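Participant: Predicted model and sequence follow; I will ask about them next.
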Amino acid sequence: MTTITRTALEPEGFRGGIDVRVSLRSDAGSGDSAFDGAWFPRSRDLVVELPELIAELERRDVRVERFTYALEAWQPVPRKIVVSGRVVRTGGFRSMDPQVVCLTWNGGTRRADLLVVPPETDVLTGARALRLCTRRGLPSSPQMVLAAARSTPLPQVPDLPRTRAV
């Protein structure tokens, strides 16, 4: 068995939670919404991305015990990783939606589904998706949420009358 051990203080390959792009509803794990938040990783490499996500969620008082993901969507990760001295079990499944990851905590009694914003998504759309996933009444399809995030019009600069210098 291979394990990854990282702490928030290790600078090499670990951004130390700086700008971890994740949103989480205040009632995450209640089961009241299709998504409890969203995660916008920078790559498909869970060895790099997952310790940062777990460390950031712990700062928000969510002590992740298990992380599940779609096998086809991510590079392989060991079955157990150690983050800040705690073991987090991981599991990949072929049956999971590639745009969703699942977290469990509190002895397995709390579960949160996070929409995964694909790493190749532009930053503006990603930020909109992070914000949308904290609202109630979202569609249950990750594709529809991402489409809604893309559909928000970009800010427009008004055309000003041109003047000629004399």
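Facilitator: Now that the structure is in, tell me what you want to look at.

Participant: all contacts plus neighbour counts: C-alpha atoms, from now on.
Facilitator: OK.

Participant: Once you drop chain neighbours, what's closest to the residue nearest to the spatial centre of the chain?
Facilitator: Central residue of the chain (Cα atoms, centre = their mean): residue 39, 1.3 Å from the mean position. With Cα to Cα, 6 or more residues apart in numbering as the criterion, residue 39 has its nearest non-adjacent residue at 4.4 Å, and that residue is residue 22.

Participant: Show the model's pLDDT score for the residue nearest to the centre of the chain.
Facilitator: pLDDT for residue 39: 95.

Participant: Over to residue 151?
Facilitator: According to the model, residue 151 scores 78 on pLDDT.

Participant: neighbouring contacts of stretch 26-42?
Facilitator: Residues from elsewhere that reach stretch 26-42 (Cα atoms under 8 Å, 6 or more residues apart in numbering): 20-25, 49, 110-120, 126, 129-130, 133-134, 136-140.

Participant: Would you state the strands of this structure in chain order?
Facilitator: 3-6, 22-24, 37-39, 64-70, 80-83, 86-93, 100-105, 110-116 (DSSP state E).

Participant: Buried ones among the contacts of stretch 26-42?
Facilitator: 20-25, 49, 111-118, 126, 129-130, 133-134, 138 (16 or more other Cα atoms under 10 Å).

Participant: picking that back up, pairing partners for the residue nearest to the centre of the chain in the sheet, please.
Facilitator: Beta-bridge pairing for residue 39 (DSSP bridges): residue 22, residue 116.

Participant: Roughly how far does it sit from residue 127?
Facilitator: Distance from residue 39 to residue 127, counting by Cα to Cα, to the nearest Å: 10 Å.

Participant: Let me see the contact set for residue 131.
Facilitator: residue 23.

Participant: at 6 Å what do you get?
Facilitator: If you count contacts by Cα atoms under 6 Å, 6 or more residues apart in numbering, residue 131 has none.

Participant: quick check, distance from the longest helix seen in the chain to the centre of its chain.
Facilitator: When the chain is parsed with DSSP state H, its longest helix is helix 46-59. Centroid separation for helix 46-59 versus its chain: 9 Å, with Cα atoms, centre = their mean, to the nearest Å.
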